[in-house]
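Participant: Sharing a model prediction with you, sequence too.
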Amino acid sequence: LEQKYGVDLLDKMNVTFINPPHYKSKYKFIGVIAPPLGIGYMAAMLERNNIPVDILDASALDLTYQEIEQELLERKPDLVALTALTPTIGTALETAAVVKKILPNTIVAIGGYHPTFTYNEIIENPNIDIVIRGEGENTIVELAQALENNTDLSNIDGLVFKDKNDCEKTIVTNDREVIQDLDTLPYPALHLMPMDKYRMLDVTTHMTTMITTRGCPNQCSFCSSAAMHGRRIRSRSTKNIVDEIEYLKNNYDIDTIAFLDDTFTLNKRKVKEICNEIMARNLNIMWGCTARVDNLDEELLDIMKESGCITIFLGVESADQQSLDEMHKGTTIEKIQHAFKISREKDIRTIASVAMGMPGDTKESINKTIKFVHDLKPNYAIFSLATPYPGTRFYKEAFEKNLIKVKDWSKYTLISPILETVDCSMKDLRRLQTMAFIKFYLRPGYIISQVRQDGMALLKAIGGVIKTAIKPNNDSYMKDYEENASEKPTK
């Protein structure tokens with residue numbers, strides 16, 4: 001390793017995590033920027049093991065590549081660890097190129113959802129030395145220690161790298177077991193992040209995100225969470241969760257928390273315990289979460305509301321029962337309607353999320369879904385275009401049926417169309433999405449009602465939504481399709 005990378009491996013490894021630029025995030029355009037919890041946990045694990053570490057959140061800071069270059073020249077890390085989702089893999093690899101250009105002896109590792117499921121493709125990039133697969137908290141510690149002590153990387157689970165004696169050979173180590181006891185993890189290293197840059201509705205606020213569980217037993221065809229974290233739910237203890245909330249409030253003056261669990265409300269008893277403990281400690285925080293429509297009832301919503309819940313993110317996906325069944329959602333139209341009705345009655349904000357353009361969708365079914373969302377009367381709606389992400393059943397089926405028309409990962413933002421349906425071209429899908437956003441957000445009655453509830457900051461968020469919806473250069477996906485029509489995406 002010392003010969004290959006030119007690093008003095010007798011010294012402590014200095015590690016820099018980089019969250020790469022993300023210019024097209026579906027959340028950024030509605031004014032939501034949140035801390036990157038994944039690298040926060042990994043950085044905290046390095047600190048626990050006395051390994052020097054820092055974080056560069058290029059997305060939150062809106063850094064250019066030149067500015068990233070200057071930051072790296074000042075920090076001079078021995079190991080750069082990048083994180084990447086599918087739409088950010090391009091900017092992550094561009095960032096890796098910046099690292100190698102100015103610090104050629106620095107080792108570059110990359111992890112996250114996209115590299116985990118496409119490691120064979122990613123390791124072929126000349127600027128990537130190592131791919132970290134799966135949950136990375138233990139892997140990054142063992143990797144840094146191995147590099148520091150010049151020991152064999154092949155003994156570390158969850159890695160992919162090139163054989164130093166044969167660059168044509170790729171070494172894939174054993175799968176990394178998931179972390180069974182989440183209480184053993186330290187809190188994410190928020191002190192290494194630009195906390196003043198995170199915001200909601202384009203308003204800088206004292207907010208952060210949390211995870212209380214990992215794993216998901218549901219089988220939604222478009223979600224890769226179960227492939228990443230397993231189908232068995234692993235939950236933190238109630239005490240550990242509320243201890244972190246109290247820590248965040250006391251140390252960062254946090255007043256708003258978004259729980260990013262795949263389904264926060266899956267275990268109703270646990271949710272009630274968390275709510276009761278929040279109230280027992282008189283923490284006075286506002287919070288939001290994701291939920292399945294079949295996990296909500298009036299009693300649960302009452303205690304959630306009382307403990308500070310102000311917003312629930314609900315996956316609607318479609319107004320067509322056959323489509324829901326094909327997605328393996330396990331829900332019904334009636335349950336969707338009931339969840340929004342009782343949430344509205346409890347005065348809890350709702351965000352309706354829709355997946356438009358699944359392979360069986362038609363113009364008629366999409367228009368039916370758009371109308372259905374209006375009838376549900378959510379406070380906010382996200383009209384995403386169906387996007388087959390690597391690691392999902394949806395991607396596997398779309399690939400095998402040759403439905404994928406765009407191979408540029410940067411377009412996998414849920415805003416650009418990636419495939420066509422039985423009677424919708426990609427241009428049709430983009431037009432329908434634009435219409436859905438405009439019809440929902442530009443209703444005068446809606447604007448007046450939501451401004452009363454959320455203040456004038458909402459107008460800026462709506463402006464961002466509409467600007468993205470009608471952005472003229474969104475047709476660039478057609479150029480990509482036409483130029484690369486003969487090429488297939490990675491298997």
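Facilitator: Here it is on my side, so go on. Numbering: from 1, shown residues only.

Participant: Distance of Leu143 relative to Asn49?
Facilitator: Using CB to CB, to the nearest Å, Leu143 is found at 11 Å from Asn49. No exception for glycine: its C-beta is placed from N, CA and C like everyone else's.

Participant: same deal with Gly136?
Facilitator: To Asn49, Gly136 is 14 Å away according to CB to CB.

Participant: Compare neighbour counts for those two and give me the winner.
Facilitator: Counted by other CB atoms under 10 Å, Gly136 and Asn49 do not tie: Gly136 has more neighbours, with 23 against 13.

Participant: Might you report the residue contacts of that one?
Facilitator: By CB atoms under 8 Å, 6 or more residues apart in numbering, Gly136 lies in contact with 38, 42, 111, 158, 176.

Participant: burial measure for the first one, as a count.
Facilitator: Meaning Gly38. By other CB under 10 Å, the residues close to Gly38 number 20.

Participant: Which residue is the nearest non-sequential neighbour of it?
Facilitator: Spatial nearest neighbour of Gly38, chain neighbours left out: Thr83 (5.7 Å); criterion: CB to CB, 6 or more residues apart in numbering.

Participant: Show me which of the contacts of Gly136 is closest to Lys270.
Facilitator: Gly38 (22.7 Å; CB to CB).

Participant: So the closest one, which state does it fall into?
Facilitator: Taken by DSSP: H, G, I helix; E, B strand; the rest coil, the conformation at Gly38 corresponds to helix.

Participant: And it, how close does it get to Thr95?
Facilitator: Computed as CB to CB, the Gly38 to Thr95 distance reads 16 Å.

Participant: what's the answer for Thr151, then?
Facilitator: As for Thr151, its distance to Thr95 is 28 Å (criterion: CB to CB).

Participant: One more: Phe372?
Facilitator: To Thr95, Phe372 is 41 Å away according to CB to CB.

Participant: and which of the contacts of Gly136 is nearest to Ile348?
Facilitator: Ile348 has its nearest neighbour among those in Gly38, at 28.0 Å by CB to CB.

Participant: Can you read off the pLDDT for the closest one?
Facilitator: For Gly38, the pLDDT comes out at 94.

Participant: need the contact list for it.
Facilitator: Neighbouring residues of Gly38 by CB under 8 Å, 6+ apart: 83, 111-112, 136.

Participant: So which of those wins on neighbours?
Facilitator: Neighbour max across these (other CB under 10 Å) = Gly111, 29 neighbours.

Participant: I'd guessed it sits against Glu135; true?
Facilitator: No - counting by CB atoms under 8 Å, Gly111 does not reach Glu135; the two are 9.2 Å apart.

Participant: which residue ranges form the helices in the stretch 51-200 of the chain?
Facilitator: Using DSSP state H, counting those that start in this stretch, the helices of the stretch 51-200 of the chain run over residues 58-61, 65-75, 89-102, 113-117, 119-122, 137-149.

Participant: and among those helices, the most buried is which?
Facilitator: helix 113-117 (a mean of 24; mean count of other CB atoms under 10 Å).

Participant: just checking, what packs against that helix?
Facilitator: strand 130-132, helix 225-229 (3 or more CB pairs under 8 Å, 6 or more residues apart in numbering; DSSP states H and E).

Participant: Make JSON lines out of the ones you listed and add mean neighbour count, distance to Leu56 and mean pLDDT.
Facilitator: As requested, the helices and strands packed on helix 113-117 are exported to JSON lines (neighbours: other CB atoms under 10 Å; distance: least, CB to CB, whole Å; pLDDT from 0 to 100):
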{"stretch": "strand 130-132", "mean neighbour count": "25", "distance to Leu56": "17", "mean pLDDT": "97"}
{"stretch": "helix 225-229", "mean neighbour count": "19", "distance to Leu56": "24", "mean pLDDT": "74"}
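
Participant: wait, what's in contact with the residue nearest to the spatial centre of the chain?
Facilitator: By CA atoms, centre = their mean, the chain has its centre lying nearest to Leu85, at 7.0 Å. Contacts for Leu85 (CB under 8 Å, 6+ apart) come out as 22, 112-114.

Participant: quick one: which of the residues you listed is nearest Ala457?
Facilitator: Compare each of the contacts of Leu85 with Ala457 using CB to CB and the shortest gap goes to His22, at 21.5 Å.
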